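Enquirer: requesting a structural model of the entry that follows:
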Amino acid sequence: MTPRIDVAVVGAGPAGLATAHALARAGRSVRVLEAAEAVGGRTRTLRVDGHLVDTGAEMIPSANAYPQTWRLVRELGLDTDPRAVPRVRQALSVWWGGRARPHAGRPLGLLTGMGLSPGARLDLARLLGELGRADLDPDHPERGDLTGLTVADLLGPRHPQIRERLLGPLASGFFGWPLERAAAAPFAAHLAASGSTATWRTYRDGMDTLPRALAERLDVRTEHPVTGVVEEHAGVRLESPRGDLTARAAVLAVPAPVAARLHPGARAEERAYLESCAYAPMLRLSLFLDAPLSPRGSRRGFAVLVPDDPLLAVLTVDHHKHEGRAPKGRGLVSLVATPRAARDLAAASDDEIARGLTASAERLLPGLGAHVRRTVAHRFRHGLPLPGPRALAARSAFAARPPAAVDYAGDWISLRPCSEGAVASATTAAARVSAFLSATREPIRIEEP
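Expert: Just a heads-up that it's a prediction; the model follows:
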């Protein structure tokens, strides 16, 4: 069968859509296939009863920290209205001593405390200075001096409060990483690159703003699952119950375990990396409230890290994220489970999840249960990449592989679980696919009926 398009992209999350966008701008014909009923992947936003419910908690640091994301934001014109990407005030706090301690992750916190003792703050400043001077590359975490360490190893020699009250909860709460399993290099590189939480911004119209803007410019087919990817003489055949499609090349913008299942014919260096990329499950519960509650000490704050709780890792006060997140007089908060609870509650009912997490959050928001009008649970089996020693060891050969008919995109490419990791992988995937297409003959275009 003669290919009708140049590239088929599997997955309509930020990575897949950004890849398709780059290829389309380069003059290639592209089609995006998405199994779900809407675009966004792990960055979807639900619109329910006047609420904007982000299924994740993506933040956008400065352009220095997220250059590829901001380049795309500007390319799409999403920044022409300064209110469209507003700053998140008091973006991060730490719950300690019965109240939220503000200014976590910013220089001011070293003065105000963040719930840390003076000795812990001094040691934290030393650690951040060391990471800032280290040769850390968030796009190449396999390089540098930290490749043999876990996050637990990195934090172990430091003041115990750094692990127990701040950086440990940050790694487990935002990334879902067990500290003893997660490699230190990706965490340290991301921490150093992201800078101060004082620069954090969000999308006024939901975290799916970028995917929706990209999808409007592309040929995207939702509810179109792909069950297999086979390289053939004429191109790449994508098998689907909606009908097979053949393209000259394909990009799998799906989690690494899914890519490995779809493409069993992957080359040895690809398969070694795909099979070494582990994932942390994520579980997030959104609560619709009849009043805009706030934790003590965080009257306008957004995210609160919760150390030493067996179920609750992070509480986000979503109606503080932006004024349009909940109707006036109502509230919206989300509860992020700890790594262990995310695993243990994976098969639990929504009611069980709501009871457990809401009970844990009562000490932050007294009387919370009485104000809950509705709950929505967000489950991600493949939540965020969980980088380990095997993945770091296999990454160099994967990154050095020659361009081929099947390529990949996603934040797991650089083991950096954020939109910047996804968009940066799209730039790389588009360049690799373009190189492959330029080396092969042009297809005969056939118009579809």
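
Enquirer: how about the strands in the stretch 301-449 of the chain?
Expert: 303-305, 312-317, 331-337, 372-386, 406-408 (DSSP state E, counting those that start in this stretch).

Enquirer: turn these into CSV, columns for distance to Ala399.
Expert: All C-beta spots, glycine's among them, are computed from the backbone N, C-alpha and C. Shown next, in CSV, are the strands of the stretch 301-449 of the chain (distance: least, CB to CB, whole Å):
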stretch, distance to Ala399
strand 303-305, 32
strand 312-317, 31
strand 331-337, 31
strand 372-386, 15
strand 406-408, 11
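
Enquirer: out of these, flag the one nearest Ala57.
Expert: Nearest to Ala57 among those is strand 312-317 (5.7 Å), distances taken as CB to CB.

Enquirer: hang on, the earlier thing: so which of the strands of the stretch 301-449 of the chain is the most packed in?
Expert: Among those, strand 303-305 has the highest mean neighbour count (mean count of other CB atoms under 10 Å), at a mean of 29.

Enquirer: just checking: what are the partner strands of it?
Expert: Sheet partners assigned to strand 303-305 using DSSP bridges are listed as strand 92-96 (parallel), strand 312-317 (antiparallel).

Enquirer: run the chain-centre distance for that strand.
Expert: What separates the centre of strand 303-305 from the centre of its chain is 17 Å, taken as CA atoms, centre = their mean, to the nearest Å.

Enquirer: same thing with stretch 46-60?
Expert: Worked out by CA atoms, centre = their mean, stretch 46-60 lies 14 Å from the chain centre.

Enquirer: between the two ends of it, how far is it?
Expert: Terminal residues of stretch 46-60 lie 19 Å apart, using CA to CA, to the nearest Å.

Enquirer: may I see the buried residues of that stretch?
Expert: Applying a neighbour-count criterion of 16 or more other CB atoms under 10 Å, the buried positions in stretch 46-60 are Leu46, His51, Leu52, Val53, Asp54, Thr55, Gly56, Ala57, Glu58, Met59, Ile60.

Enquirer: tell me the least confident of those?
Expert: Across the buried residues of stretch 46-60, the smallest pLDDT goes to Ala57, namely 74.

Enquirer: mind listing what the nearest residue to that one once chain neighbours are set aside touches?
Expert: Nearest residue to Ala57, sequence neighbours excluded (CB to CB, 6 or more residues apart in numbering): Thr316, at 5.7 Å. Applying CB atoms under 8 Å, 6 or more residues apart in numbering, we find Thr316 in contact with Ala57, Phe302, Ala303, Val304, Val333, Ser334, Val336.

Enquirer: pull the residues that contact stretch 90-107.
Expert: By CB under 8 Å, 6+ apart, stretch 90-107 touches 59, 109, 112-115, 165-166, 169-170, 196-198, 200, 295-298, 300-307, 315, 320, 363-364.

Enquirer: same deal with stretch 46-59?
Expert: 40, 42-45, 88, 91, 174, 197, 200-202, 205-207, 282, 284, 286, 288, 303, 314, 316, 318, 321-322, 324-327, 330, 332, 334, 336, 374, 376, 378, 418-419.

Enquirer: if any of those residues are buried, put those into a PyMOL selection.
Expert: Buried members of the contacts of stretch 46-59, defined by 16+ other CB under 10 Å, are picked up in PyMOL with:
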select buried, resi 40+42+43+44+45+88+91+174+197+200+201+202+205+206+207+282+284+286+288+303+314+316+318+321+322+325+326+330+332+334+336+376+378+418+419
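
Enquirer: which of the contacts of stretch 46-59 fall in helices?
Expert: Phe174, Asp318, Lys321, Ser419 (DSSP state H).

Enquirer: how about the helix or strand where Ala22 lies: buried residues?
Expert: Secondary structure assignment for Ala22, by DSSP states H and E: helix 14-25. By 16+ other CB under 10 Å, the buried positions in helix 14-25 come out as Pro14, Ala15, Gly16, Leu17, Ala18, Thr19, Ala20, His21, Ala22, Leu23, Ala24.

Enquirer: and the next element down the chain from that helix?
Expert: By DSSP H and E, the next helix or strand past helix 14-25 is strand 30-33.

Enquirer: now the strands of the stretch 301-449 of the chain as a markdown table including distance to Thr80 and mean pLDDT?
Expert: Formatted as a markdown table, the strands of the stretch 301-449 of the chain follow (distance: least, CB to CB, whole Å; pLDDT from 0 to 100):
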| stretch | distance to Thr80 | mean pLDDT |
| --- | --- | --- |
| strand 303-305 | 28 | 96 |
| strand 312-317 | 28 | 97 |
| strand 331-337 | 27 | 97 |
| strand 372-386 | 31 | 95 |
| strand 406-408 | 32 | 98 |
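
Enquirer: from the buried residues of helix 14-25, which single one is nearest Ser414?
Expert: Ala15 (10.9 Å).

Enquirer: and the gap between that closest one and Thr428?
Expert: Plainly put, Ala15 is 10 Å away from Thr428 if you go by CB to CB, to the nearest Å.
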